[in-house]
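Asks: Compute the structure for the input listed below.
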Amino acid sequence: MSVTITHAARPTDAQREAILAPLRAYNLREGGNPGLVPVALLLTDADRTEHGGLWGKISYDWLFIELLAVPDSLRGQGHGEALMHKAEAIARDHGCAGIWLDTYAFQARGFYEKLGYTVFGTLDDHPRGQSRFFLQKRL
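Replies: Predicted coordinates:
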């Protein structure tokens, strides 16, 4: 089979799936079933309006926290810590070995370290002059 490389300036969901499908098949064959479980915890007011929260997924016995967002108006009230504790409880209920996430130098590294997370990797100059940190917490 002869192929060429093309750049999709505006990639579609179908193109993403074309890339993901062989990777998913390989991972399943080599690593077994990842046991994928989506995790979404929302900060919801009395009117059922959602104001941030936590988004992640359990895969291969670890919870990856992709997003944690607490709006400025709700910061300093313990919501971030409560979201993290709830995520940890969910991870424990699913028998996870741990939780991992990433954050930038200008974001919340200290917040996560206060909760027991430790840095296991650093990507310098991302963005330039800053760093991105990868943190984990074993359960």
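Asks: Show the residue spans covered by the helices in this structure.
Replies: Secondary structure of the chain by DSSP state H: the helices cover 13-31, 79-93, 109-114.
Asks: if you compare those, which one is most tucked away?
Replies: Across the helices of the chain, averaging neighbours per residue (mean count of other Cβ atoms under 10 Å) puts helix 79-93 on top, at a mean of 17. All C-beta atoms are positioned from the backbone trio N, CA, C, and that covers glycine.
Asks: so what does that one touch, helix or strand wise?
Replies: Secondary-structure packing of helix 79-93 (3 or more Cβ pairs under 8 Å, 6 or more residues apart in numbering; DSSP states H and E): strand 37-44, strand 50-59, strand 62-69, strand 98-104.
Asks: Report the inter-axis angle for it versus strand 37-44.
Replies: 150 degrees (axes from the mean of the first three to the mean of the last three Cα atoms, to 10 degrees).
Asks: now helix 79-93, how far from the chain's geometric center?
Replies: 13 Å (Cα atoms, centre = their mean, to the nearest Å).
Asks: And the contacts of stretch 123-134?
Replies: The contact list for stretch 123-134 (Cβ atoms under 8 Å, 6 or more residues apart in numbering) reads 100-106, 109, 119-122.
Asks: residue contacts, the residue nearest the centre of the chain?
Replies: Closest residue to the average C-alpha location of the chain: residue 66 at 1.8 Å, with Cα atoms, centre = their mean. Residue 66 makes contacts with 55-57, 101, as judged by Cβ under 8 Å, 6+ apart.
Asks: before we move on, the earlier item: buried subset of the contacts of stretch 123-134?
Replies: 100-103, 109 (16 or more other Cβ atoms under 10 Å).
Asks: and which of those is nearest residue 8?
Replies: residue 102 (25.4 Å; Cβ to Cβ).
Asks: how close does the closest residue to the closest one other than its chain neighbours sit to residue 119?
Replies: Nearest non-adjacent residue to residue 102, counting by Cβ to Cβ, 6 or more residues apart in numbering: residue 134, 4.9 Å away. Computed as Cβ to Cβ, to the nearest Å, the residue 134 to residue 119 distance reads 7 Å.
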